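**Student:** with the sequence up front, the predicted model follows.
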Amino acid sequence: MKPYVILNAAMTLDGKIATKTGSSNISGEKDLKRVHELRREVDGIMVGINTVIADNPRLTVHKIDANPEDNPVRVVVDSKCRTPIAARITNKDAKTIIAGANDYKLEFIVSDRYANFTKRGIDFFFSGDKRVDLKDLMNYLYESGIKTLMLEGGSTLNFSMIKEGLIDEIRICVAPFVVGGKDSHTLFDGEGFDTMDEGVRLELFDSFKLGDDLILQYKVLNK
C-alpha cells in the first residue's frame, strides 16, 4: 500500500522550475494560497535533499489562516543524510521524517548530528543501498498514517517517483514567462526515458486561470 501522491509544482511556459542559479519564485500570490490550501488537505509533504539545501523551506501551512495541527508531516528524501542542522524543516512546527539509504546509516547514527536530530523528535527511515528505496518509503509512510502525500520535488526526485509509478496526480501552475537555459531545472530531470513510447501518459481532468497563471491538473495513467 502507498499514499495517494499529488505532485504539485510551478513552472514557466518553457517548463523550468528553477534557473541555473536556483531562482524559483514563479507562482503568483493566488497560486501560493492554492498550494497552502493543498498542504492543509494532505497528510504529508515530501521534498528531496537538494530542495532543502537550495531553498531551506518550512513546508508548513502559513500563506493562509491555519492552525498548527493543519501542518502536514514533512518528509525529506536524503539518501546520504546531508540535511543541515539549521534547516527550517527540522524545527518543531511539524513532525519531520528523514529517509536515508542503508549504506550511509551506520556512519550517520553514531554522529552528533543524528543525536541532535533525535532530541528534536525527528524520525528516520532507512531503506535501499546507496539510494532510498522509494517504494519501501511509500509503504512506510502509508503504514504511519500518511494516506495522502504532496510531492514538491525537485526535478530529480520528481522523475524518480514517476519512473517508479508512484505519482497518482499532477497539478501544475504554468506562469506566463520564459527563462530558458540548458542548465535550468525542468519539472522532470533525472536520467529520463530513452524513447517517447516509454513516457508516462497523463489525462487532463481540470484547468483554470488563477490570476495571471494557468493551473493544469492531470491524472497519471500508465503507472
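**Tutor:** Perfect, I can see it now. Predicted model, so just to flag it, every value in this text is computed and none were measured.

**Student:** ok, now which residue in this structure is the farthest from the centroid?
**Tutor:** The outermost residue of the chain, judged against the average C-alpha position, is V110 (27.8 Å), by CA atoms, centre = their mean.

**Student:** okay, that one: pLDDT?
**Tutor:** V110 is assigned a pLDDT of 93 by the prediction.

**Student:** what's it sitting at in phi/psi?
**Tutor:** phi -100, psi 0 (degrees, to the nearest 10).

**Student:** can you check the one 10 residues further on too?
**Tutor:** Listed backbone geometry of R120 is phi -90, psi 0, with angles given as degrees, to the nearest 10.

**Student:** got a list of what it touches?
**Tutor:** R120 makes contact with 90, 92 under the criterion CB atoms under 8 Å, 6 or more residues apart in numbering. In this view, the C-beta of every residue, glycine as well, is placed from N, C-alpha and C.

**Student:** do the one 3 residues further on as well
**Tutor:** Applying CB under 8 Å, 6+ apart to D123 gives the contacts 95-98.

**Student:** and the gap between it and D112?
**Tutor:** Using CB to CB, to the nearest Å, one gets 18 Å for the distance from D123 to D112.

**Student:** tell me where this structure has strands.
**Tutor:** Ranges of strands in the chain, per DSSP state E, are 4-12, 16-18, 44-48, 73-77, 96-100, 123-126, 148-151, 169-175, 185-186, 202-210, 213-220.

**Student:** output the longest helix belonging to the protein.
**Tutor:** Of all segments of type helix in the chain, defined using DSSP state H, the longest is helix 29-41.
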